[in-house]
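J.: Sequence first, predicted coordinates after that:
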Amino acid sequence: MRKYETKRLETKRLILDKGTSSVCKKIYEYDLTKCTGIDGRNEFVKFEKEIDFIGENSKEYYKECEKNKIFDWYVFLKNTNEPVANIIADRENEEEMSIEISYNTHPKYWGNGYAPEALKEISKYLKSLGYKKMIAHFYEGNEKSKRVCEKLGFKFRKTELRYYKPGNKYINDYEYILLL
């Protein structure tokens, strides 16, 4: 049986580890639906109320992650310990031996290659657990996410029209796949 542990990983420049409430709030300071090009939006808008997926008891949060088959890494710069991104792997398909990943980088750190570097290390870890595929989704207009996928060797798999709540309309969702 697979253990769903968000294990500490390291790269040359980064530490990938569990997060805390304050780290989560730093990463999700901006409304990423408004500044990533999705639905034609490219404006930096901070959330009025802090976003905190973890809560005050991070140990309990990560127990729930394990129970729900979720890996939830926060990405930190090695030299300053600043949080720069969040990467989640979940929605596994046991039949395909695949798992979906999603990633969010704080806009201050865009363009530094942190997401591809972290995802490369995560892909090695997931492969060691027996996964054969990583799947990523992003909405039309999110060119940064598309570049991350292509940089890592993900291949286009399909397009689906999906309901996009912030814009209250349907837009294309792209699915990319990486064989591990």
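T.: Perfect, thanks for sending it. Residues are numbered from 1 along each chain as shown.

J.: What is the neighbour count of residue 7?
T.: 15 (other CB atoms under 10 Å). Quick note: C-beta positions are derived from backbone N, CA and C, even for glycine.

J.: gap between it and residue 121?
T.: Applying CB to CB, to the nearest Å, the value for residue 7 to residue 121 is 11 Å.

J.: Need the overlap of contacts for these two.
T.: Common contacts of residue 7 and residue 121 (CB atoms under 8 Å, 6 or more residues apart in numbering): none found.

J.: List the buried residues of stretch 169-180.
T.: Buried residues in stretch 169-180, counted by 16 or more other CB atoms under 10 Å: 173, 174, 175, 176, 177, 178, 180.

J.: quick one: contacts for residue 89?
T.: 70, 71, 99, 100, 101, 122, 126, 134.

J.: make it 10 Å
T.: 4, 6, 69-73, 99-103, 119, 122-123, 125-126, 129, 131, 134-135 (CB atoms under 10 Å, 6 or more residues apart in numbering).

J.: For it, which three-state class applies?
T.: Secondary structure state of residue 89, per DSSP: H, G, I helix; E, B strand; the rest coil, is strand.

J.: What residues are bridge-paired with it?
T.: residue 71, residue 101 (DSSP bridges).

J.: Next one: it from residue 162, what distance?
T.: Residue 89 sits 20 Å away from residue 162, going by CB to CB.

J.: likewise residue 150?
T.: Relative to residue 162, and taking CB to CB, residue 150 is found at 21 Å.

J.: again, but for residue 28
T.: Counting by CB to CB - residue 28 and residue 162 are separated by 21 Å.

J.: of those two, who's got more company?
T.: Remark: of residue 28 and residue 162, residue 28 carries more neighbours, 18 against 13, as counted by other CB under 10 Å.

J.: Contact partners for residue 148?
T.: Residues in contact with residue 148 (CB under 10 Å, 6+ apart) are 103, 105, 113-116, 118-119, 136, 138, 142, 154, 176.

J.: Show the buried residues in these.
T.: Buried among those by 16+ other CB under 10 Å: 103, 105, 114, 115, 116, 118, 119, 136, 138, 142, 154, 176.

J.: which ones among those are found in strands?
T.: Of the buried ones among the contacts of residue 148, the ones assigned to strands by DSSP state E are 103, 105, 136, 138, 176.

J.: Among these, which one lies nearest to residue 46?
T.: Nearest to residue 46 among those: residue 105, at 15.8 Å, using CB to CB.

J.: Number of residues surrounding residue 18?
T.: Neighbours of residue 18 (other CB under 10 Å): 19.

J.: What sits closest to it if chain neighbours are left out?
T.: The shortest distance from residue 18 to any non-neighbouring residue, by CB to CB, 6 or more residues apart in numbering, is to residue 6 (5.2 Å).
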